[in-house]
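Participant: Quick one, what's the 3D model for this:
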Amino acid sequence: MSNKKFLEAMLVDESSILPKIVEVAGKIFKIDKATGEPVFLIPKNKLSHKDLIVIGLLSKYMSNQLEILDSASVTPAELGKWFKLKKMIAGARLNDLKTHGVAKLIKWGEYRVSLPDALRYLEEELAPRIENIKNKRSK
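Facilitator: Model (predicted):
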């Protein structure tokens, strides 16, 4: 076996990650067909600012892929408008997410989602908390 064949097992691309993101994220939010904004399936007040920003990054990416929006990148001002957050708070959370690899700085003040890291955030941080919220509501 050549090294290249052996190393191909390490490759990842959007097409391998996106189905899992849609599976997990689809339990948390949907996307408004007209605006591209997230529509929450759980109480929004149960989510942290960081959760909201990750959802905003993902919904912007997905809306762009669905050709609802022209750009996959997002600004703190845009996220602030969507989630009724101060621009400064949205910017701080984006910076936190950039440190953890979930958000990538495209140019000053403009970010885009990193799908592999967003999937990790969804699976390890957000999905378990959502399950707890749903379990508490059903009791």
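Participant: Where do the helices of the chain begin and end?
Facilitator: Counting by DSSP state H, one finds helices in the chain at the ranges 3-7, 14-25, 49-65, 76-83, 87-99, 115-121, 127-138.
Participant: how about low-confidence regions in the protein?
Facilitator: Along the chain, the model assigns pLDDT under 70 to residues 1, 133-135, 137-139.
Participant: what sits opposite Phe29 in the beta ladder?
Facilitator: Beta bridges link Phe29 to Phe40, judged by DSSP bridges.
Participant: what's the burial count for Pro128?
Facilitator: 11 (other C-beta atoms under 10 Å). No exception for glycine: its C-beta is placed from N, CA and C like everyone else's.
Participant: brain fart, Leu41
Facilitator: Residues near Leu41, counting by other C-beta under 10 Å: 13.
Participant: where does it fall, phi/psi-wise?
Facilitator: Phi and psi for Leu41, reported as degrees, to the nearest 10, are phi -100, psi 0.
Participant: hmm, back to that, determine which stretch of the helices of the chain is the most buried.
Facilitator: Mean neighbour count (mean count of other C-beta atoms under 10 Å) peaks for helix 49-65 among these, with a mean of 22.
Participant: Tell me which other helices or strands that one touches.
Facilitator: helix 14-25, strand 29-31, strand 38-40, helix 76-83, helix 87-99, strand 110-113, helix 115-121 (3 or more C-beta pairs under 8 Å, 6 or more residues apart in numbering; DSSP states H and E).
Participant: Next, format the ones you listed as a markdown table and append distance to Lys60.
Facilitator: Shown next, in a markdown table, are the helices and strands packed on helix 49-65 (distance: least, C-beta to C-beta, whole Å):
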| stretch | distance to Lys60 |
| --- | --- |
| helix 14-25 | 13 |
| strand 29-31 | 10 |
| strand 38-40 | 9 |
| helix 76-83 | 8 |
| helix 87-99 | 12 |
| strand 110-113 | 7 |
| helix 115-121 | 11 |
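Participant: Please identify which of those is closest to Arg129.
Facilitator: Nearest to Arg129, of all these, is helix 115-121, at 11.2 Å by C-beta to C-beta.
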